[in-house]
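**Q** got a predicted structure here, sequence first:
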Amino acid sequence: MAIDQPVLEQVLVALGAVLASRGSIFEIVVVGGSGLLLLGLAERTTRDLDVLAIVSDGRYGSSAPLPSALAMAARDVAGLFGLSMNWLNPGPTSLLDFGLPVGFTERVATRRYGGLIVHVASRLDQICLKLHAAADQGSRSKHAADLEALAATPEELLFAARWALTQDASEAFRRVLIEALVFFGVSDADGHI
């Protein structure tokens, strides 16, 4: 089932209610298409909710594997809405390995849904993540389309590119990153990253 913004809100309300009914509270950090939907920055659908991190005592930790109580609640909610059993996706958690963009934690938007607290990556941080993914997957990817919809400025794209190089400092990635920047209208990127 494709998830749009209204459905996503309903799913999160349901997940928060299930968690609360079981005496659980989880705090997660969300990125990707679902994050864009929650911020009202995109009008598209998604198949999942990308969970970057689990927050514990104010610290971001790996979301893989999801804590069992959260995973069980997510599976129960999946059944209610006809979602894939893995709609709560810890895939992007590897981005924590080399660090998030400077100021990420201060820029998140926070929402509460019963027993679920959701921190959504800001527009600037979404630009960083989407540029990294678009450079990796190409100009025809959903990430490139999302990045175009975000209408990033050259300054935002250069900030994003500098962060992306902390994730992969290889010369091959630098070349595809510069190509991506040129595609998005930053012609003098090589001298600025």
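**A** Received, thanks. In this text the structure is predicted, and so the values were computed from the model without any measurement.

**Q** what's the mean pLDDT across the helix or strand Val29 falls within?
**A** Here Val29, judged by DSSP states H and E, is contained in strand 26-31. The average of the pLDDT scores along strand 26-31 is 98.

**Q** after the longest strand belonging to the chain, which helix or strand is next?
**A** Under DSSP state E, the strand in the chain containing the largest number of residues is strand 49-56. Going down the chain from strand 49-56, the next helix or strand is strand 59-61, by DSSP H and E.

**Q** the strand holding Val29 pairs with which strands, parallel or anti?
**A** Sheet pairing of strand 26-31 (DSSP bridges) gives strand 49-56 (antiparallel), strand 116-120 (parallel).

**Q** of all those strands, which one is nearest Phe26?
**A** Set against Phe26 and scored by Cβ to Cβ, those come closest in strand 116-120, at 5.8 Å. Glycine gets a C-beta too; all of them are placed from N, C-alpha and C.

**Q** contacts for that closest one, please.
**A** 12, 15-16, 19, 25-31, 35, 38-39, 55, 108-112 (Cβ atoms under 8 Å, 6 or more residues apart in numbering).

**Q** swap in stretch 6-24?
**A** 1, 3, 25-26, 34, 37-38, 46, 49, 69-70, 73-74, 76-77, 80-81, 83, 87-88, 111-116, 118.

**Q** what pairs with the residue most central in space within the chain across the strands?
**A** By Cα atoms, centre = their mean, the mean C-alpha position of the chain lies nearest to Val31, the distance being 1.3 Å. In this entry, Val31 is beta-bridged to Asp50, by DSSP bridges.

**Q** how far away is it from Ala78?
**A** Val31 is 20 Å from Ala78, where distance means Cβ to Cβ, to the nearest Å.

**Q** list the buried residues of the longest strand of the chain.
**A** By 16 or more other Cβ atoms under 10 Å, the buried positions in strand 49-56 come out as 49-55.

**Q** before we move on, what about stretch 162-178?
**A** 163-165, 167, 173-174, 176-178.

**Q** kindly check the end-to-end length of it for me.
**A** Stretch 162-178 stretches 11 Å from its first residue to its last (Cα to Cα, to the nearest Å).

**Q** what average pLDDT does that stretch get?
**A** 95.

**Q** hmm, which of the contacts of strand 116-120 are the buried ones?
**A** The buried subset of these - by 16+ other Cβ under 10 Å - is 12, 15-16, 19, 26-31, 35, 38-39, 55, 108.

**Q** can you tell me which of those residues comes closest to Gly138?
**A** Val31 (19.4 Å).

**Q** my guess is the closest one meets Cys128, correct?
**A** No - Val31 is beyond contact range of Cys128, at 9.6 Å (criterion: Cβ atoms under 8 Å).

**Q** counting contacts, what elements does the host helix or strand of Lys130 pack onto?
**A** Per DSSP H and E, Lys130 falls inside helix 123-137. Packing partners of helix 123-137 (3 or more Cβ pairs under 8 Å, 6 or more residues apart in numbering; DSSP states H and E): strand 26-31, helix 32-39, helix 104-107, helix 142-149, helix 154-167, helix 171-183.
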